[in-house]
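In: Provided below for reference: sequence and predicted model.
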Amino acid sequence: MLVDDDDIHNFITENFITDHYPSTDVVSFNNPEIALEHLKESTSHKDPECPDVIFLDINMPEMNGWQFLENFIKLNIDKICGSKIYILSSSMDPADITRSKQFDIVANFISKPLTAEKVEAILH
């Protein structure tokens, strides 16, 4: 799952992942609130449908990545899904990297763009 307000980035990243891993289903959202609603709906079933990996941007206008993470936890999606969340950001601010480590559900902070080596490390 991709959560990034930049449609072009989502398009490029989604195509990059599916080109390198054709059997991988990628769903992208340019609005984190809609992504949370989708996850909430997906996890309300007896057999929840959860993404294995979530790539999350932190700099978004309506709801930023930090707010997404807080709501993800508040809705208990982290306990239901066990998805690995990777911050995928153009930010190089050390404070953002430090803040990402305060969330146990964040597996890593990755600088954009996503590369074959980064995807390989995550998916294997």
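Out: Now that the structure is in, tell me what you want to look at. Numbers count the residues shown, from 1 in each chain.

In: farthest residue from the center of this protein?
Out: In the chain, residue 46 marks the outermost C-alpha relative to the chain mean, sitting 23.2 Å out by C-alpha atoms, centre = their mean.

In: what's the distance between that one and residue 80?
Out: 11 Å (C-beta to C-beta, to the nearest Å). From N, CA and C alone the C-beta is placed, and that goes for glycine too.

In: dump the residue contacts of residue 73.
Out: Contact analysis of residue 73 by C-beta atoms under 8 Å, 6 or more residues apart in numbering lists 103, 105.

In: one more time with 7 Å
Out: residue 105 (C-beta atoms under 7 Å, 6 or more residues apart in numbering).

In: that older thread, the residue farthest from the centre of the chain belongs to a strand?
Out: No. Read with DSSP: H, G, I helix; E, B strand; the rest coil, residue 46 is coil and lies in no strand.

In: excluding chain neighbours, give the residue nearest to residue 78 in space.
Out: residue 105 (4.8 Å; C-beta to C-beta, 6 or more residues apart in numbering).

In: that neighbour: neighbour count?
Out: By other C-beta atoms under 10 Å, 16 other residues sit near residue 105.

In: tell me the phi and psi of it?
Out: When read as degrees, to the nearest 10, the backbone of residue 105 gives phi -80, psi -10.

In: quick one: it and residue 91, what's the gap?
Out: Remark: distance between residue 105 and residue 91 (C-beta to C-beta) = 19 Å.
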